[in-house]
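1. this one's sequence-less:
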């Protein structure tokens, strides 16, 4: 009796494990909830097979993954019912209009539009807003505007269309007022100044972009210093940088600490 019960138990476990893996024959595909994206386009994006095809659980999971990866749909569910694959969709709203307010330069506006993920006529995905704001702030920081302020506003037109507004305060350029070198540097400051890309702000260098403070420029300086030291035999050189704000965020002192 015990042996019979044990065999029955094992059989049930095997059935439970294998049943979900059994392929389903799908004769029809029904798509519900789409208005912006056509049925045929959804079938292409989801890599959905022709009617009367077998679908395993893994293949159904792949359809979900492929459709979510398009960033067109906020919610997706699949159901197999009477040999029909029912795909229920909820589309993201659309960015009807993208406005950048506070920035006068068309060149800067074009640069911003290239780096952000949400563009006009694309899906409005609220979770991407903070990433786009960070991208805009990094864009300005790379140009020397290290204290820019960027905020986003959403103007709802209807349930399917939003206007997206970025308000920008660029702020003042941050200039490098002084560059110094400390530590066991072995090399004279004058030579080190010739190696780095950064320059101190001087009245005769008003057109020099290298006197603008940016993390990208500082990282370039450190690479240049490290490569130089290695080229003359100091293979274990270490270079660190520190900076201090001065005069209302418009000027900065930079120090490179070098351990040759």
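-> Everything's here; your move. For clarity, every value in this text was computed on a predicted model and none was experimentally measured. Numbering: from 1, shown residues only.
2. Would you map the helices across the stretch 151-260 of the chain?
-> Under the criterion DSSP state H, counting those that start in this stretch, helices of the stretch 151-260 of the chain are mapped to 189-195, 215-231.
3. Mean neighbour count, these: which tops it?
-> helix 215-231 (a mean of 16; mean count of other CB atoms under 10 Å). For glycine as for every other residue, the C-beta is placed from the backbone atoms N, C-alpha and C.
4. which residues are in contact with that helix?
-> 141-142, 187, 192, 195-198, 210, 237, 239-241, 243, 254, 256, 258, 260 (CB atoms under 8 Å, 6 or more residues apart in numbering).
5. rewinding a little: so which of the helices of the stretch 151-260 of the chain is nearest residue 111?
-> Nearest to residue 111, of all the helices of the stretch 151-260 of the chain, is helix 215-231, at 14.5 Å by CB to CB.
6. starting at the chain centroid, how far to the closest one?
-> Put simply, helix 215-231 sits 26 Å off its chain's centre (CA atoms, centre = their mean, to the nearest Å).
7. Same check on stretch 224-238?
-> How far stretch 224-238 lies from its chain's middle: 33 Å, per CA atoms, centre = their mean.
8. Just the mean pLDDT for that stretch, thanks.
-> Stretch 224-238 shows a mean pLDDT of 94.
9. one step back: is it possible to mark the buried ones in the contacts of helix 215-231?
-> Buried members of those, scored by 16 or more other CB atoms under 10 Å, are 141, 187, 192, 196, 198, 210, 237, 239, 241, 254, 256, 258, 260.
10. Export these as JSON lines, with columns for distance to residue 40.
-> Listed next are the buried ones among the contacts of helix 215-231 as JSON lines, based on distance: CB to CB, whole Å:
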{"residue": "141", "distance to residue 40": "44"}
{"residue": "187", "distance to residue 40": "67"}
{"residue": "192", "distance to residue 40": "64"}
{"residue": "196", "distance to residue 40": "57"}
{"residue": "198", "distance to residue 40": "56"}
{"residue": "210", "distance to residue 40": "54"}
{"residue": "237", "distance to residue 40": "60"}
{"residue": "239", "distance to residue 40": "57"}
{"residue": "241", "distance to residue 40": "56"}
{"residue": "254", "distance to residue 40": "58"}
{"residue": "256", "distance to residue 40": "60"}
{"residue": "258", "distance to residue 40": "63"}
{"residue": "260", "distance to residue 40": "66"}
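11. Pick the one among these closest to residue 85.
-> residue 141 (48.6 Å).
12. Give me the secondary structure label for that closest one.
-> helix (DSSP: H, G, I helix; E, B strand; the rest coil).
13. give the contact list for it.
-> 148, 214-215.
14. same thing but 6 Å
-> Residues in contact with residue 141, defined by CB atoms under 6 Å, 6 or more residues apart in numbering, are residue 214.
15. Quick check: the gap between residue 121 and residue 162.
-> Note on residue 121: its distance to residue 162, by CB to CB, to the nearest Å, is 12 Å.
16. Could you name the specific helix or strand carrying residue 63?
-> Per DSSP states H and E, residue 63 falls inside helix 57-69.
17. what's the helix or strand for residue 133?
-> Short version, using DSSP H and E: residue 133 is in helix 129-142.
18. For that helix, which residues meet the burial criterion?
-> Buried residues in helix 129-142, counted by 16+ other CB under 10 Å: 129, 132-133, 135-137, 139-141.
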